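Participant: Provided below for reference: sequence and predicted model.
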Amino acid sequence: MSTVKIDPESQEFKDTLEKTIRFTDKVVEQFGWAYNPDQEINQGIQFGLTRNKMMHGKRYCPCFFVTGEPDDRICPCPPAIEKEIPEDGVCHCQIFCTPEFAAAQKQEEVIEEVVHEHSRGLSKEECAILVNKSELDGDEIIALLEARALGMVDFKLVDVREPMEWQMGHIKGADKLIPTSNFFGALDEARLSQDENIIVYCHVGSRSAHCARILADMGYTKVGNLSYGIVSYGGEKES
C-alpha cells in the first residue's frame, strides 16, 4: 500500500475526525455499548481510525497492522462484537465496553484517587473492589489496613519471606508468616480459608507473585499480591 502523509492540523483531518467521532457515537448507540471512561484512550483510537480512513479508505482498527488482507479488522470488528466485549466487557482497543465495565472503571478511578491522594477513607463498597484486585501497591495496602481496623473489610495479610526477614521488619498488621522455604507445611498450619481474601507480600514482589499463583492453583479464589514488595511499602513496619 502507498504511504500517505497525514497532517493532523489539516482541515481534511479535522473534518474526517468529526465524521469518525459521529461514527463511533453510532456504534455505541447501535450495540448498547459505552465509551471507556478514559477519554485519552477514546481520543487516541478515534485519531487512529481517522488516520486509517485517510490512508487506507476504511476505518481499520489502529491497534493492528493493516496488511490489505480480507481479515484486517474494520471497526467495529467481529472479534470485539462476538468475543471480546461479551466475554471481557471491553474490546481490544479499549474504546468500546459494556456499561457495566465502564461503571466499574469509573469506580476504580475514584478508589485510586482516594488511596493515592489520601483525600478520605474508603467506603465498604470501595473496600470490596480494592481487596479483590490481583495486584496492589503500597498505598492500597495502607488504605485496606486502615479500613480493616475500622471493621469495613476483612482479609489476611501474609508474609512469604523467611523468618529472619520477618524478624528484621514486617508490615504492621501482617497476619501470618508462610515462608516460601516451607510453604506447604506453613500453609497447613496457617489454616487459611480458600474463600477468604488473602494478600501476600515478599521483599520485591517476585516470591509472593509465585506464591499467589500456587494458591490460585490450589483453589484459593481471592488472592492478591503486593506488586513491588515491602520495599515499596510506605506504611508502618515493626520488627
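Facilitator: The structure has been received and is ready for your questions. Numbers count the residues shown, from 1 in each chain.
Participant: For this structure, just list every one of the strands.
Facilitator: Along the chain, counting by DSSP state E, strands occupy 34-35, 96-97, 135-136, 156-159, 170-171, 176-177, 198-201, 223-226, 237-238.
Participant: which of the ones you listed is buried the deepest?
Facilitator: Highest mean neighbour count of the strands of the chain: strand 198-201, a mean of 26 (counted as mean count of other Cβ atoms under 10 Å). (C-beta placed from N, C-alpha, C; glycine too.)
Participant: Check the offset of it from the chain's centre.
Facilitator: 17 Å (Cα atoms, centre = their mean, to the nearest Å).
Participant: What are the contacting residues of it?
Facilitator: Strand 198-201 has contacts (Cβ atoms under 8 Å, 6 or more residues apart in numbering) with 131, 136, 141, 144, 155-160, 171, 174, 178, 192, 208, 211-212, 215, 220, 222-226, 229-230, 233.
Participant: could you pull out the helices for the protein?
Facilitator: 11-31, 39-56, 78-79, 85-88, 99-117, 124-131, 138-149, 163-168, 183-190, 206-217 (DSSP state H).
Participant: buried residues in the first one?
Facilitator: Residues of helix 11-31 classed as buried by neighbour count (16 or more other Cβ atoms under 10 Å): 13, 16-17, 20, 23-24, 27-28.
Participant: cool, and stretch 51-62?
Facilitator: Going by neighbour count (16+ other Cβ under 10 Å), the buried part of stretch 51-62 is 51-56, 59-62.
Participant: same check, this time on stretch 111-131
Facilitator: For stretch 111-131, by 16+ other Cβ under 10 Å, it's 111, 114-115, 122, 126-127, 130-131.
Participant: With only the CA atoms kept, save that stretch in CSV.
Facilitator: Extracted C-alpha coordinates of stretch 111-131, given in CSV (Å, rounded to 0.1, in the frame of the first residue of the first chain):
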residue,chain,number,x,y,z
ILE,A,111,-10.6,4.5,44.5
GLU,A,112,-7.2,5.2,43.0
GLU,A,113,-7.7,8.9,43.9
VAL,A,114,-8.7,8.1,47.4
VAL,A,115,-5.8,5.7,48.2
HIS,A,116,-3.1,7.7,46.5
GLU,A,117,-4.1,11.2,47.5
HIS,A,118,-5.4,10.2,50.9
SER,A,119,-8.4,12.5,50.3
ARG,A,120,-10.8,10.5,52.5
GLY,A,121,-11.4,7.0,53.8
LEU,A,122,-12.8,4.2,51.7
SER,A,123,-16.4,3.1,51.7
LYS,A,124,-17.3,-0.5,52.2
GLU,A,125,-18.2,-0.8,48.5
GLU,A,126,-14.8,0.6,47.6
CYS,A,127,-13.0,-1.7,50.0
ALA,A,128,-14.7,-4.7,48.4
ILE,A,129,-13.5,-3.7,45.0
LEU,A,130,-10.0,-2.9,46.2
VAL,A,131,-9.4,-6.1,48.3
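Participant: For the chain, give me the ranges with low pLDDT.
Facilitator: The chain contains residues with pLDDT under 70 at 1-4, 118-119.
Participant: Which residue ranges make up the domains of it?
Facilitator: Per the record, the chain has its domains at 11-97, 121-238, by automatic domain parsing.
Participant: Compare these and give me the one nearest residue 103.
Facilitator: domain 11-97 (8.2 Å; Cβ to Cβ).
Participant: what sits against the nearest residue to residue 167 once chain neighbours are set aside?
Facilitator: With Cβ to Cβ, 6 or more residues apart in numbering as the criterion, residue 167 has its nearest non-adjacent residue at 6.3 Å, and that residue is residue 239. The contact partners of residue 239, taken as Cβ under 8 Å, 6+ apart, are 167-170.
Participant: Go again with 7 Å.
Facilitator: 167-169 (Cβ atoms under 7 Å, 6 or more residues apart in numbering).
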